[in-house]
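Turn this into a structure:
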Amino acid sequence: MTPLASRRAPRLRPSAKSLICSLLLIWMASVDAQVLIAHAAVEVDHLTQNEARRYLMMRVPRWPDGHAVRVFVLPDEHVLHRRFVTGVLGLYPYQLRRVWDRLLFSGTGQVPITVTSPHELVRSVASTPGALGYADAPPPGFEVRIIEVR
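Okay, the predicted model is just below:
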């Protein structure tokens, strides 16, 4: 037997393995933890990905209960905006921007309200009837509805 073959890789103790696995699970959960949020009075619990896209593209002007949809977003270059649009909606930010610009320049619709920070986005959604937006994770301390995107 050669000296290299007789050497073994150092074994991790069970507590170290548990710690590494736990950290990996936490990291994996946080990578894709963006959620679609709406004002607490919105009576929608889930949307398909296509329906969520239509709401965010401003193609559906009213909720099923008749309230006007008010969309709040972060700037296109914000990391949360990019992660949400690509991860949840399956689009690129420039695709949403193109649709919004077309609505604005043609005069056929409204564009979303752009806010400067994730905290302001959640606060705006919580305080505006019919509002729709997104967050990193379910926001603590705010009365918002989490909408599952299937």
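
Kindly confirm my reading that residue 53 is in a strand.
No. Under DSSP: H, G, I helix; E, B strand; the rest coil, residue 53 falls outside any strand and is assigned helix.

how many neighbours does it have?
Residue 53 is flanked by 21 other residues according to other Cβ atoms under 10 Å. For every residue, glycine as well, the C-beta is placed using N, CA and C.

One more: the one 3 residues further on?
Residue 56 has 26 neighbouring residues, counting by other Cβ under 10 Å.

give me phi/psi at it?
For residue 56, the backbone dihedrals (degrees, to the nearest 10) come out as phi -70, psi -30.

doesn't residue 147 make contact with it?
No. At 11.2 Å, residue 56 and residue 147 do not qualify as touching, with contact defined as Cβ atoms under 8 Å.

any shared contact partners between the two?
residue 132 (Cβ atoms under 8 Å, 6 or more residues apart in numbering).

The residue nearest to residue 53 when sequence neighbours are not counted: how many residues sit nearby?
Counting by Cβ to Cβ, 6 or more residues apart in numbering, residue 89 is the residue found nearest to residue 53 once chain neighbours are left out, at 5.3 Å. Neighbour count for residue 89, taken as other Cβ under 10 Å: 22.

Check residue 125 too.
28.

Now do the helix or strand encompassing it: distance to the chain's middle.
Element membership for residue 125 (DSSP states H and E) is helix 118-127. For helix 118-127, the separation from the chain centroid amounts to 13 Å (computed by Cα atoms, centre = their mean, to the nearest Å).

List of residues touching it?
Counting by Cβ under 8 Å, 6+ apart, 37-40, 72-74, 80, 113, 115, 131-136, 139, 142-144 sit against helix 118-127.
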